[in-house]
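[1] please find the sequence and the predicted model below.
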Amino acid sequence: MITPTLNYVTSVFFDVRVKDVLPEVMSGLGISRPMLITDPGLKDLGILDRLGVDVEAVYDQVQTNPTEASAMAALAVYVDNGCDGCVGIGGGSSMDLAKVVALLVGHNPPLCQYAFIHGGVKKINPSLMPPVVAVPTTAGSGSEVGRAALVSLDTGDKLALISSALVPKAAVCDPDLTLSMPVGLTAATGMDAISHCIETYCSPRFNPIAESIAIDGLVRGWKNIRKATADGTDRNARREMLMAALAGGLTFQKGLGAVHSLSHALGAFVKKPLHHGALNAIFLPHVVRFNLKDCRQKLQIIAGRLHLDSADELPDVLAELVLELGLPTCLKELGVTAEDLQPFAAKALADHCSATNPRAMSIDDCMMLYDAAL
């Protein structure tokens, strides 16, 4: 019987070519008729053909920000094919959609009733959900070990469904599956992982174990994001970035902060799909500067681990990293205007991540941070 590399939060199979164990992992979970959930690009790259899985059904229309409509469409494919488990293959969007489909198999729509901020945790019954296996092909979201699924609802809001029942039963993390990531996506997902590690470390909740994992993931990400972006064939850099992403996901239970509040709210912007990692990269320097006064001790520890003299250097150093990686440095570069931002400050404040930002926030603070990032 195969044994996982890790068993913290869930079973994690992590190594080069570990994708080969996927059929055995599914069998051990009782999945005989899987539905694979992925995006069109990965299907065209032939990623599904490399997994050695007998496929009963595929939903391959996952977009940058999964929607309630796509979840219902995927659910129809699942039911029509008599599937008994979901395998999310790709970035956070594919893995999150796999979780949402698994939820809908035994729970009635609409999805909004299961959102965390609407008291949805108590409405999610794990016994009604088929197993989910996560296979990340990007190194950023941490969704492969996360208890949340982010989805843009029919109401127009992008909200989190949060429950331990949403944690995948297994994560199969193979650095080789990340080798095909283009430069921009490598950089954006890598900054997503770095933002997770910084925000979870700075969260005021007490969880020293999670903090240790967050620092480890941050250092790995910091040392390797430039290498992975400059040379996508560098297997060691890819491996380290995948572990950095995993570390960020393993610390989610400690809570995130304003970077993610701002990103989650703006992720529902219907005029233009905005990549979550790219948004996090833009917001991170501004939020770190905003939190400095209330989180100086932890930010000083972070600065020390990154070989900086002072926490005061962090905002500028992070901004320089984003620029060096070739990512957008402001919202205007993504086509967002000041007028577009007006409705999102209240939504950002209401986001579940605002509660664990180290500095208390107001609507005015959210608007100020949006304006600073514009």
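    It's in.
[2] which one is T356 nearest to, not counting chain neighbours?
    By the measure of C-beta to C-beta, 6 or more residues apart in numbering, the closest residue to T356 outside its immediate chain neighbours is G255, 2.9 Å from it. Every C-beta, even on glycine, is put in place using the N, C-alpha and C of the backbone.
[3] nearest residue to the middle of this structure?
    Per C-alpha atoms, centre = their mean, the C-alpha nearest to the average position across the chain is that of S141, at 2.5 Å.
[4] name the element it belongs to?
    Assigned by DSSP states H and E, S141 belongs to no helix or strand.
[5] what are the phi and psi angles of it?
    Main-chain torsions, S141, degrees, to the nearest 10: phi -70, psi -40.
[6] contacting residues for the nearest residue to it once chain neighbours are set aside?
    Once flanking residues are discounted, S141 sits nearest to G92: 2.8 Å by C-beta to C-beta, 6+ apart. Counting by C-beta atoms under 8 Å, 6 or more residues apart in numbering, G92 makes contact with T138, G140, S141, G142, S143, L150, D192, H276.
[7] pretty sure the first one is in contact with G88, am I right?
    In this case it means T138. No. Using C-beta atoms under 8 Å, T138 makes no contact with G88, being 11.8 Å away.
[8] more neighbours: the two, which one.
    Taking other C-beta atoms under 10 Å, T138 and G88 do not tie; G88 has more neighbours (31 against 27).
[9] that one is in contact with A74, isn't it?
    No. Taking contacts as C-beta under 8 Å, G88 lies outside contact range of A74: 10.3 Å.
[10] mutual contacts of the two, please.
    In contact with both G88 and A74: I37, L97, using C-beta under 8 Å, 6+ apart.
[11] what is the neighbour count of the residue lying closest to I124 once chain neighbours are set aside?
    Leaving aside its sequence neighbours, I124 sits nearest to S163 (C-beta to C-beta, 6+ apart; 4.3 Å). By other C-beta under 10 Å, 21 other residues sit near S163.
[12] what distance do you get for S163 to Q253?
    12 Å (C-beta to C-beta, to the nearest Å).
[13] what's the overlap in contacts for those two?
    Common neighbours of S163 and Q253, counting by C-beta under 8 Å, 6+ apart, are R147.
[14] ok so, going back, could you measure the residue nearest to the centre of the chain against I209, distance?
    Distance of S141 to I209, given as C-beta to C-beta: 21 Å.
[15] and if you look at G249?
    Distance from G249 to I209, counting by C-beta to C-beta: 14 Å.
[16] of the two, who's got more company?
    Legend: neighbour count by other C-beta under 10 Å for G249 and I209, higher for G249 (33 against 11).
[17] contact partners for that one?
    So G249 contacts S141, G142, S143, E144, V145, G146, H196 (C-beta under 8 Å, 6+ apart).
[18] what about A74, helix or strand, and which?
    Per DSSP H and E: A74 is located in helix 68-80.
[19] low-scoring stretches of the stretch 101-250 of the chain, by residue?
    In the prediction, the stretch 101-250 of the chain carries no residues with pLDDT under 70.
[20] could you pull out the strands in it for me?
    With strands called from DSSP state E, counting those that start in this stretch, the stretch 101-250 of the chain shows them at 132-136, 148-152, 158-162, 170-173.
[21] dump these to CSV, plus distance to N357.
    Output for those, formatted as CSV (distance: least, C-beta to C-beta, whole Å):
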stretch, distance to N357
strand 132-136, 26
strand 148-152, 16
strand 158-162, 15
strand 170-173, 27
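[22] out of the ones you listed, nearest to G119?
    Ranking the strands of the stretch 101-250 of the chain by proximity to G119 (C-beta to C-beta) places strand 158-162 first, at 11.0 Å.
[23] can you tell me which helices and strands the closest one packs against?
    With contacts taken as 3 or more C-beta pairs under 8 Å, 6 or more residues apart in numbering; DSSP states H and E, strand 158-162 sits against helix 92-106, strand 148-152, helix 258-266.
[24] for N125, find the nearest of these.
    When those are compared by C-beta to C-beta, helix 92-106 sits nearest N125, at 6.9 Å.
[25] buried ones in that closest one?
    For helix 92-106, a neighbour-count test (16 or more other C-beta atoms under 10 Å) marks 92-105 as buried.
[26] out of the residues you listed, which is nearest to T155?
    Out of the buried residues of helix 92-106, the member with the shortest distance to T155 (by C-beta to C-beta) is V100, at 14.9 Å.
[27] residue contacts, that closest one?
    Counting by C-beta under 8 Å, 6+ apart, V100 makes contact with P66, A71, L111, A149, V151, L161.
[28] one more: I198?
    Taking C-beta under 8 Å, 6+ apart, we find I198 in contact with A214, L218, V259, L284, V288, I302.
[29] likewise for I2?
    I2 makes contact with F13, V21, E24, V25, G28 under the criterion C-beta under 8 Å, 6+ apart.
[30] now do the SS call for the residue nearest to the third one when sequence neighbours are not counted.
    Nearest residue to E24, sequence neighbours excluded (C-beta to C-beta, 6+ apart): I2, at 5.5 Å. The three-state label for I2, taken from DSSP: H, G, I helix; E, B strand; the rest coil, comes out as coil.
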